[in-house]
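[1] my questions concern the predicted model and sequence given below.
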Number of protein chains: 2
Amino acid sequence: MESYKIYLEEKDMPTHWYNIQADLPMPLDPPLNAKTRKPAGPADLTPIFPEPIIMQEVSQERWIEIPGEVAEIYKLWRPTPLVRAYNLEKALDTPAKIYYKNEGVSPPGSHKPNTAVPQAYYNKVSGIKRLTTETGAGQWGSALSFACNFFGIECVVYMVKVSFDQKPYRKTMMQTWGGLVYSSPSSRTSAGRSILEKEPDTPGSLGIAISEAIEDTVTTPGTKYSIGSVANHVLIHQSIIGLEAKKQLEMTGDYPDVIIGCHGGGSNFAGISFPFLQDKLTGKKDIKVVAAEPSACPSLTGGVFAYDYGDTIGTTPLFKMFTLGHTFVPPEIHAGGLRYHGAAPLVSALLNHKVIEAVALRQNACFEAAVIFARAEGIIPAPETSHAIRAAIDEAIKCRETGEKKVILFNLSGHGLVDMFSYEKYFAGELLDYDYPKEAIEKAMKELPV
Amino acid sequence: MESYKIYLEEKDMPTHWYNIQADLPMPLDPPLNAKTRKPAGPADLTPIFPEPIIMQEVSQERWIEIPGEVAEIYKLWRPTPLVRAYNLEKALDTPAKIYYKNEGVSPPGSHKPNTAVPQAYYNKVSGIKRLTTETGAGQWGSALSFACNFFGIECVVYMVKVSFDQKPYRKTMMQTWGGLVYSSPSSRTSAGRSILEKEPDTPGSLGIAISEAIEDTVTTPGTKYSIGSVANHVLIHQSIIGLEAKKQLEMTGDYPDVIIGCHGGGSNFAGISFPFLQDKLTGKKDIKVVAAEPSACPSLTGGVFAYDYGDTIGTTPLFKMFTLGHTFVPPEIHAGGLRYHGAAPLVSALLNHKVIEAVALRQNACFEAAVIFARAEGIIPAPETSHAIRAAIDEAIKCRETGEKKVILFNLSGHGLVDMFSYEKYFAGELLDYDYPKEAIEKAMKELPV
């Protein structure tokens, strides 16, 4: 038996991130200023992002150097292991080779610090002392608290009330790294106060939390805002996942036939797949690349490719993306990180050009796959990640039927140790097995801004 | 900057465990049959352990081969990284070099699977289909459920009721790996039923849970019992920690001046230190080796070296060990894994011979150290592990004062992600800062059996 884990040494960690914009077969539709409907420029973003982030957001450069201070923090957990899932292959009796990239080894437990660390760094070098953000399930707020701690930046997290109350572990993780966590809606912002006045018992929503974070940002000197997915600069930072995986696979002599990531806003999916997609876009390799999304919130498989707001209440510029409509509120599923109405513009453009594919999956099937994985490989995956695992297992089962020896690579975006409540519900048979919420999507589609 | 993480490759993982009994300066006092007070032989253990485990328990062989099937499961997470804590050194402004061995990377999150996996294996090859155990904080029950899953053994865990109710995440982790978890006292055993009759609202205790597990074992055909600490065979299996650390430190050219592990029953402390103690016992090196225990349950610093029962209600043979008296019930502290009245006989004998040292620490000081560590190194440690970190930080601060460039090695026995409730209490200032519970200890001492 060969090694299970393929390690890169710290000295062999990639020195540059990859920016897929340099290799796109088509120019990306620009974001539009929501009022003028004209292309939004860097100036539209200055109130909330520092200059280096804005420059990355619009950059066409293929390779962007990873700053030394960021690399030093990365090395606390990176390079992450690539693992050959021998035990899963055996459990599935498949001739396929299955590899997974384990991003769950970061201290906050997911891929999110890959972008939180450089964002905190670029804010620090821009003289920013305070960052705000929102968090739903808690993975992103944890990652940003973790990252800000290393650069002496105060991290203010607006956490959706229902998560704040139901996920005290996540809140305490953020506090351990020095984050300040507020239940949203809060009385700290006028947006929060007006909601609380109308509806004191509201469970909150990601849309409200974003509004509070942005209001806090633009009304507090020395403060900027930080986003955990969707934006181009986030996807650039996450490319470290795929760049490492590529080096590690080279060490084995294999190249993936199929690459899979779960999909919410698009950051971990882009992270694992974009560095390989460079080979597809430049005609060097043919790869099947699959985004696995929840059927309860199927932006890629059930949405339209249109201009829409990035947030639920319509304060951001308009982005050309696959969307279910910004007013769509997804059913409550345990993969909280995948409950987003839209998709990253870069992922959307690639899907629209049929460079990638998407599949929508139900909760029970995903948790079933997660338990198969946990019993074979040991690691209990995050509910979000279970979507990638379901899709990977389905590919491996197809190989069992056809006899094909495909190489399947998926991203283990995070572990599930702080999400065991969702497994409890699964074992109790209490998970709601949502399929496409057609009527709600149709209603939201009518409220698209363009 | 050199590498933070020092990896061993899977092919360089140690092939044998180390048994310190071969190098002891004195013979170990034998366990006594509680009724006859005569040395207990292998036959005393046959009702609860399979033969290969009993042979290891009494073995004097220095090196014991790790079976191939065990090594294959180990490789899912082993070798674990040894990490140079550059950021912690910087935060403490110390000239000391601090290394930690990260056992938190195992899927259950601690060092416990190092012995759970071989125990499950040896039971499997002995034809055993079912293993019982008890768990308090939940780390051990998780590890044994994880291990049994790989060998097709049914794992039955009696979980102390108060933990079962307050730590649903742990319970669900065990179920994810296929473990059957019962709240103890349960109505499944006569021991459980008699307690429930007298005291229906009892919070349970580790002592009761042990009794239930052992009763289940001896009354159910094809069933054996598995123990997570204290016993010689457990300490042998845990030697993999220190053996790997030794190889990894060799790669850096450093050798530890001080080695620290937290101490409950003794398994992770022995794991990190015994392979280095071989060098001390054979006169090759002088090392300071420190067991860090909670001041609320100070068996090593506040107990006596005497024969006592291994369990609270007196069903086991008598072991010569440092003990607070088997009837001593430690105050409730969040380091649940360190709430044990005794200490491993091997650790006890070494302390009695002044080969090792011990220190008792309070909860708040330990959590303070844990937060310093989390903010410097990223990882949030388990409450148990925080004791080792406090002791390591204290050594490093001493070096700052004296200017000594000591090499400090400690065992990061587990992460704290499933124990964030304890951090919440710490931040809220609600931790009880127990010191030696003198009266309770004096009372228990009077009830020593010999």
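    Okay, I see it.
[2] run a quick neighbour tally on the nearest residue to residue A:3 once chain neighbours are set aside.
    Of all residues not flanking residue A:3 in the chain, residue B:10 sits nearest, at 4.6 Å (CB to CB, 6 or more residues apart in numbering or on different chains). Placement of C-beta: from N, CA and C, glycine included. The tally of other residues near residue B:10 (other CB atoms under 10 Å in any protein chain shown) stands at 20.
[3] distance check, residue B:10 against residue B:296.
    Residue B:10 sits 40 Å away from residue B:296, going by CB to CB, to the nearest Å.
[4] name the residues of stretch A:354-367 that come out as buried.
    When burial is assessed from 16 or more other CB atoms under 10 Å in any protein chain shown, stretch A:354-367 yields the following buried residues: A:355, A:356, A:357, A:358, A:359, A:360, A:361, A:362, A:363, A:365, A:366, A:367.
[5] need the residues of the stretch 1-150 of chain A near chain B, please.
    With CB under 8 Å from any CB of the partner chain as the criterion, the stretch 1-150 of chain A meets chain B at residues A:1, A:3-5, A:7, A:9-11, A:72, A:75-77, A:87, A:105-107, A:109, A:146, A:149.
[6] wouldn't residue A:83 be in contact with residue A:99 here?
    Yes: between residue A:83 and residue A:99 a contact is recorded at 6.7 Å, counting by CB atoms under 8 Å.
[7] can you name the residue of the stretch 251-400 of chain A nearest to chain B?
    Minimum separation of the stretch 251-400 of chain A from chain B (CB to the nearest CB) falls at residue A:378, amounting to 3.7 Å.
[8] so which bits of the stretch 351-450 of chain A are right by chain B?
    Counting by CB under 8 Å from any CB, the residues of the stretch 351-450 of chain A that sit close to chain B are A:371, A:374-375, A:377-380, A:417-418, A:420-421, A:423-424, A:427.
[9] by neighbours, which of those wins?
    Neighbour tally across those (other CB under 10 Å): the maximum, 28 neighbours, falls on residue A:380.
[10] surely it is in contact with residue B:176?
    Yes: under the criterion of CB under 8 Å, residue A:380 makes contact with residue B:176 at 5.5 Å.
[11] give me the common contacts of the two.
    Jointly contacting residue A:380 and residue B:176 under the rule CB atoms under 8 Å, 6 or more residues apart in numbering or on different chains are A:374, A:420, A:423.
[12] what about the residues you listed, which are in helices?
    Judged by DSSP state H, helices contain the following of the shared contacts of residue A:380 and residue B:176: A:374, A:420, A:423.
[13] how about the residue positioned nearest the centre of chain A, what does it touch?
    Taking CA atoms, centre = their mean, the centroid of chain A lies closest to residue A:267, which sits 3.6 Å from it. Going by CB under 8 Å, 6+ apart, residue A:267 touches A:111, A:112, A:115, A:228, A:229, A:230, A:234, A:235, A:238, A:344.
[14] ok, the last one - how many residues close by?
    If I follow you right, that is residue A:344. Count around residue A:344 with other CB under 10 Å applied: 26.
[15] what's the distance between it and residue A:323?
    Counting by CB to CB - residue A:344 and residue A:323 are separated by 11 Å.
[16] what's the first helix or strand after the helix or strand containing residue A:119?
    Per DSSP states H and E: residue A:119 is located in helix A:113-125. With elements assigned by DSSP H and E, the helix or strand that comes after helix A:113-125 is strand A:130-135.
[17] quick one, that following strand and helix A:113-125 angle?
    150 degrees (axes from the mean of the first three to the mean of the last three CA atoms, to 10 degrees).
[18] which residues are in contact with strand A:130-135?
    So strand A:130-135 is contacted by A:119-120, A:123, A:140-142, A:144, A:148, A:153-160, A:163, A:170, A:184, A:206, A:209-210, A:212-214, A:216-217, A:220, A:222-228 (CB under 8 Å, 6+ apart).
[19] for the helix or strand just after it, packing partners?
    Later in the chain than strand A:130-135, the nearest helix or strand by DSSP H and E is helix A:139-150. Packing partners of helix A:139-150 (3 or more CB pairs under 8 Å, 6 or more residues apart in numbering or on different chains; DSSP states H and E): helix A:113-125, strand A:130-135, strand A:154-160, helix A:168-176.
[20] quick one, helices of the stretch 201-350 of chain A?
    Assigned by DSSP state H, counting those that start in this stretch, the helices in the stretch 201-350 of chain A fall at A:206-219, A:232-252, A:267-281, A:299-302, A:345-352.
[21] which of the residues in the longest one are buried?
    Which is helix A:232-252. A:232-249.
[22] equivalent analysis for stretch A:288-301, please.
    So for stretch A:288-301, counting by 16+ other CB under 10 Å, buried means A:289-301.
[23] which pair of these spans the longest distance?
    A:289 and A:296 (22.6 Å; CB to CB).
[24] excluding its backbone neighbours, what's nearest residue A:113?
    Beyond its immediate neighbours in the sequence, the residue positioned closest to residue A:113 (CB to CB, 6+ apart) is residue A:143, lying 4.4 Å away.
[25] thanks a lot, catch you later.
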